[in-house]
Each structure stands twice: as C-alpha cells, then as structure tokens.
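Participant: Quick one, structure for this:
(chains A and B)
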Amino acid sequence: MLYREAGQFKTSYAADQAILPLVEDRIGMVATLLVAGAVIPAIGGDFLLNGVMIPFLIFALAAVGLNLLVGYAGLLSLGTGAFMGVGAYACYKLTTLFPDVNIVLVILCSGFFSAAAGVAFGLPSLRIKGFYLVVATLAAQFFFEWAFIRIGWLYNHNASGAIEVPSREMLGIAITGPAATSTTRYWVVLAIVMLMTWFASNLVRGRYGRAWMMVRDMDIAAELMGVPMLRTKLLAFAVSSFYCGVAGAMMVFLWYGSAEPSAFSIRVSFQVLFMVIIGGMGSLLGSFFGAAFIWAFPILLRLMPEFLGLKIESQTVDQLAQIAFGALIILFLIVEPHGLARLWSLAKQKLRVWPFPY
Amino acid sequence: MAANPVFLVKVIWEGLVAGMLYALIALGFVLIYKASGVFNFAQGIMVVFSALTLVGLHERGLPAYAALFGALVVMLLLAIAVERAILRPLVNQPDITLLMATIGLTSLLIGLGEIVFGGEPKTMITRDLGLPSGSIRLMIGDRPLVLQRLDIAAGATALLLITALAVFFQRTRIGRALRAVADDHQAALSVGISLNQIWIIVWFTAGLVALVTGIMWSAKSDVSFALEIIALRALPVLVLGGLTSIPGAIVGGLIIGVGEKLGEIYWGRLVGGAIDSWLAYFIALIFLLLRPQGLFGEKIIERV
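Facilitator: Predicted coordinates:
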C-alpha cells in the first residue's frame, strides 16, 4: 500500500498480536465494513443485494470453511455441498420443531450438526490421505444427497420433497420467509459472515491453526513433534463443516427461500473448491476474492454479449460462457497458481515501496 | 439370495458387465495418472465428448467407420492441445492445481460439445458399427437365463482392449518409455525420453479408451452429458484398485460392479432403494481403511 509501518511502534503484546497492526489497515477495514454495511444497502437495488451480495457472502463463508480444511489443514474434501446441505436440513428441522427459538441462533446451531457429520466422515482421514481421502468425502456427498431425497423425516414428509422456509421474526422484524426484505437478510448474512470470519482469523493464528498448518506441511513430522493427529484432523473437519453448515443454512433460509436436494449437489462442492483454489489456499482474504471471482464471473460473462451489442441466443451464450469459464480457470492456474491472494500481496508489496522497485 | 440361484447368476453377470465398464473408465484415469501424475477429472467428459463426436460426425453424413476414425483424430488433437495448453505450462505444480485444471477442462469440453453437436441426447449408432443386438437364452436346469448380446460384446471388447494395452505397455518401445516415465520423470528425461511426446501418447491412449467406453456405455442408453457422472462412479473403482495399477482398475471395477448390483437388489430395499449412488463409495472406503493405498497400489512410504 502507499503507507508503511515506519513510525508505528508497538508498546504492548496486545498491539503486537493485533490482526491489523497498522492504523491505515484498521481505517481500511472500517471503511470496507462501512461500505458493505451502510453504502451498499443504501444504494443497491434488489438485484445487487439478492443476486450478487448475499450469495457472494454466503459462498465466501463456505469457502472460508473449506479453506480451513484444504488450505490450512491440507485435507482435500469434495463433500462441501453435503455439509452445507446437512446445515440447511438441520436448520429446517430445528426451526420447525422449536418454532419459538430465535432464527439466527437456530442457523448457528445447525452448524453443530454438520460439524458432527464432518467428524464422522473425517475419521478415515487418520488413515488415508490425498486423493484417496477425496473418496471418503465423496461418500459423504453422495450419501447425504441420497438421504435428503429418501428420508422423508428430514423434510417433514412434504409432497414436493423440498424444504420451504417458514417465516420467522426477530425483534418484530421478519428475518426469513417471504416477508423479509432483502436488506434485512443482507444485514443478517453480513453480520454472521463477519463474525465467523473474525473468529476464523483468530483461530488460524492460534494454537489450533498452527497445528493444522504443521499437519498440512508434513503430518508425520507434526505427529513426531507431539501434535495429536486425531484431535487436530478431526477438529479441522469439525470447524470446517461447521462453517459450511452455517453457510448452507443461510443459503436456504436467507437466500433461496426453499431448496431441493439438488441444491447441494457435487456441483456446489466443486464451486466452493474452485473459490478456495482461485482465491488462494491458506488465505482467508483469498476465500473472499475467490468467492467474488467465481460468483461474479459467470454473471459478467453472460452479460457480455448484450453489452457488446451482439445478438446471440441465450442458450449459446450459456455455452460460450461455460467454455470461457473453463478456459479462464486453466489460464488463471497457469498465470498464478497461488491464487488471487498472492496477487494481492504482491501488489501490496509493490505499492509499499513505490515508486522505488526495492 | 439362495432361493433363486439363476437370478443370482444374472445379477452377478450384470454386475460384471457394469464393472467392466467402470474398469474401462478407471483405466483411462490410471493411464494418465501414472504417466503425468494428473488426476484427470475430465476422463468422464472425454468419454461423452468422444462418443458425441462419433455420433455427430455420423449424423453429418460420414460412414460409421470414417466417423470412428474422425473421432480418433479429434481425440488425438485434444491430447496435443491438452499437452500444449495445460500440462506443459503447469509442470511441477502441486497435484491439486492440476486436478483443478482438468475440472476447468471439463467445463470447456461440455460447452464445446454442446455448441458443436447440440445438447440434446443422441442415439449411439450401434448397428452401423457392427455391434450385435438381441439376447441369448441359456437354460440352467429348468430356469432360463437371458444374456444381452451387447453385454457379451462389451465384455469381449473390454478384455481385448485391456490385453492390447498390456501388450503395448510390456512389449513395445513406446510402452517401455511410458513405464519409465511413470516410474520417475526426471530419470526418464535424463535418458532421453521426451516427456511431451509421452504425454501426448498417454492422453491419446486415454482418449481411445474413452471412445471405446463411450460407445459401450451409450449403446445401453443415450449419448448425453448425463454420462458425465459416470466419472464419479469410477472414482471408487480407481481408489479401490490403487491409483497406479492397471490390474487394480480391472479387479476394482469388477468388485464394485458386482457389489453395487448385489447390494442394490438384495439389501437396497431395506433402507429405501437407489443406494447404488453411494454404496460403491462405502465399499471402497472399507477396503481403503484396510489398505490405504488401494488393493494393488504402490506402498506408501513416508519419510520425515
């Protein structure tokens, strides 16, 4: 950035350990939060909130969750969609069983159910690694997809087989259901995502995050140095699935309004994994970049022909967008395999010493 | 189960046929994984794409065998393109980056296939390719056992292909070079084997396997992008057999195929049916817990 750390002396341990040690960084964060919390809802229309910002934040949270597992603990998972589904269905069951409980609390609690599912399917990670582990998480993916269709109890034996979000209020304001405005839902999503990201950023800098990174870099060495494998790996699965579960619950309750089992298919798992890779593994900020990129890019690609004044059938546009998306992913991996977060830190470093090269 | 042994034989036979096709897809994975270290997620879409090219070329007036040749040429071009555009720039990147690149390739091929050949399902030209149809009735005791001729042909073709590949790998110059690359990239380079050429050959071989799989699989249903998910069906086969083992792919395919059919037919109803979507993964998982490197995989040796 155009500012430097020179002259900002730390006089206490608390200042030394702060997430944002520089005054300018803190100002930047407050400004970002102000834009996100006040300016965007004020100027943005329904499309911006409902079609762009809410899904972006929800996917960013899921990507943060998966990044904790893949980027920090080095355990590859393709079960994200299923864990999001577990969160969503748990949230639905909880709020229909206990309609009086505060809905935000229910959304957060549903994360614990997907955490339990994550631990159960994370158990094989103690013995199998790498691509072999992917199979264990895919088992979770396909098992839960099947369960959401076949086990009627999960969707209260609806005729449609889908879960419908009931209307719930907090402090007299509708949060979920048809009555809730997109601004309210946006604020709830923003608050949950911000709080959980803040928690994650502290977690990865602490004892557990360091243990995860040791496991990622070399698990045998970590074990020899006294990192308990069982606890560390399962905790990574639990926390990651918790985040994904909350993201899934928010996806249905604060965005879709209702959901069929196909909403949690393997496509979602791939999408979130793309976000983590494109954003940058082992970077929370990268998860946000990745989510923005992967979510916004197809939208922009579809708008492109109209913008250029070309008349192409919408089906062809979709197909062209798919080709362009695939090509861009490959191009992107070639140009910057470490993701957007690396680009960001390079840019920051360059700006820091600007206008001199060193 | 024991009450009707002929039915059991029929179920096992169906399982073996399905398993053979799983094995073919897994074979495509193994070939590429061994030679270039890429976990090629696009193998499933290569199956669809090659079958689609074959049918598409035939629809545009080419005779069946010319279309078959044309599809092979397209797979060769694809192999060259992949080597140039993906493998060469991404050499030495971590596995997951390459995996992601092949997922990108999947998206690209889906879009391309839909634009060129249209998205609607097509019928495989089984008759023009000389594949048999109809069925044979065998009598076991007093009960009839009906076998589809197509299934027998599929099994025979798969066996033939696997044998040909085995001979190619063991007995030819290129095959030896392929095994050298699979063993150690750097050592192979240092004795003068061109990695780029080998990659093209391997991807083309995988494309050939994909084409055969595509023909066999789509002869039973349609050629459509729904076939893409069979790649996911082949994953448990792959890890069950071991990522680097060709016999593993075959044995794994047969185990999964038979296990899936038996499980679905005899125990599926107990829990609500359609369990074949995840049963294979659980079978593979149980095997993996006993042998983390798969049945025939190389022993994983870890050093600190």
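Participant: surely A:Glu336 meets A:Ala347?
Facilitator: No: A:Glu336 is beyond contact range of A:Ala347, at 11.6 Å (criterion: C-beta atoms under 8 Å). C-beta coordinates here come from the backbone N, C-alpha and C atoms, glycine included.
Participant: Neighbour count: those two, which is higher?
Facilitator: Legend: neighbour count by other C-beta atoms under 10 Å in any protein chain shown for A:Glu336 and A:Ala347, higher for A:Glu336 (15 against 11).
Participant: how about the more buried one, what does it touch?
Facilitator: A:Arg342, A:Leu343 (C-beta atoms under 8 Å, 6 or more residues apart in numbering or on different chains).
Participant: do you know how far it is from chain B?
Facilitator: 10 Å (C-beta to the nearest C-beta, to the nearest Å).
Participant: What segments of the chain are strands?
Facilitator: Reading this off chain A. A:163-164, A:168-170, A:173-176, A:258-259 (DSSP state E).
Participant: oops, chain B please
Facilitator: B:122-123, B:135-140, B:143-148, B:222-223.
Participant: Ranked by average pLDDT, which of these falls at the bottom?
Facilitator: Mean pLDDT is lowest for strand B:135-140 among these, at a mean of 68.
Participant: Show me what from the stretch 251-358 of chain A comes close to chain B.
Facilitator: Within reach of chain B by C-beta under 8 Å from any C-beta of the partner chain, the stretch 251-358 of chain A has these residues: A:266, A:270, A:273-274, A:277, A:281, A:315-316, A:319-330, A:333-334, A:337.
Participant: List the ones among those residues that fall in helices.
Facilitator: A:266, A:270, A:273-274, A:277, A:315-316, A:319-330, A:333-334 (DSSP state H).
Participant: Give me the pLDDT value at the closest residue to B:Glu114 other than its chain neighbours.
Facilitator: Nearest non-adjacent residue to B:Glu114, counting by C-beta to C-beta, 6 or more residues apart in numbering or on different chains: A:Gln319, 4.7 Å away. Here the pLDDT value assigned to A:Gln319 is 78.
Participant: pretty sure A:Gln319 is touching B:Gly118, no?
Facilitator: No: contact criterion C-beta under 8 Å: A:Gln319 and B:Gly118 do not qualify, at 9.9 Å.
Participant: more neighbours, these two?
Facilitator: The neighbour count for A:Gln319 versus B:Gly118, taken as other C-beta under 10 Å, is higher for A:Gln319 (21 against 14).
Participant: Compute the distance between the more buried one and B:Leu99, please.
Facilitator: 24 Å (C-beta to C-beta, to the nearest Å).
Participant: now B:Leu77
Facilitator: 23 Å.
Participant: Repeat that for A:Val30.
Facilitator: A:Val30 is 39 Å from B:Leu99, by C-beta to C-beta.
Participant: okay, those two: which has more neighbours?
Facilitator: B:Leu99 (19 against 11).
Participant: which one is that one nearest to, not counting chain neighbours?
Facilitator: Nearest to B:Leu99 is B:Phe39, by C-beta to C-beta, 6+ apart, at 4.8 Å.
Participant: Quick check on that neighbour: phi, psi?
Facilitator: phi -80, psi 100 (degrees, to the nearest 10).
Participant: Where does pLDDT dip in chain A?
Facilitator: Counting by pLDDT under 70, the ranges of chain A that qualify are A:1, A:309-314.
Participant: Most tightly packed of the strands of chain A?
Facilitator: strand A:163-164 (a mean of 21; mean count of other C-beta atoms under 10 Å in any protein chain shown).
Participant: mind listing what residue 57 touches?
Facilitator: Using chain A here. Counting by C-beta under 8 Å, 6+ apart, A:Leu57 touches A:Tyr186, A:Val189, A:Leu190, A:Val193, A:Ala291.
Participant: meant chain B, my bad for not saying
Facilitator: B:Ala66, B:Ala67, B:Gly70, B:Ala71.
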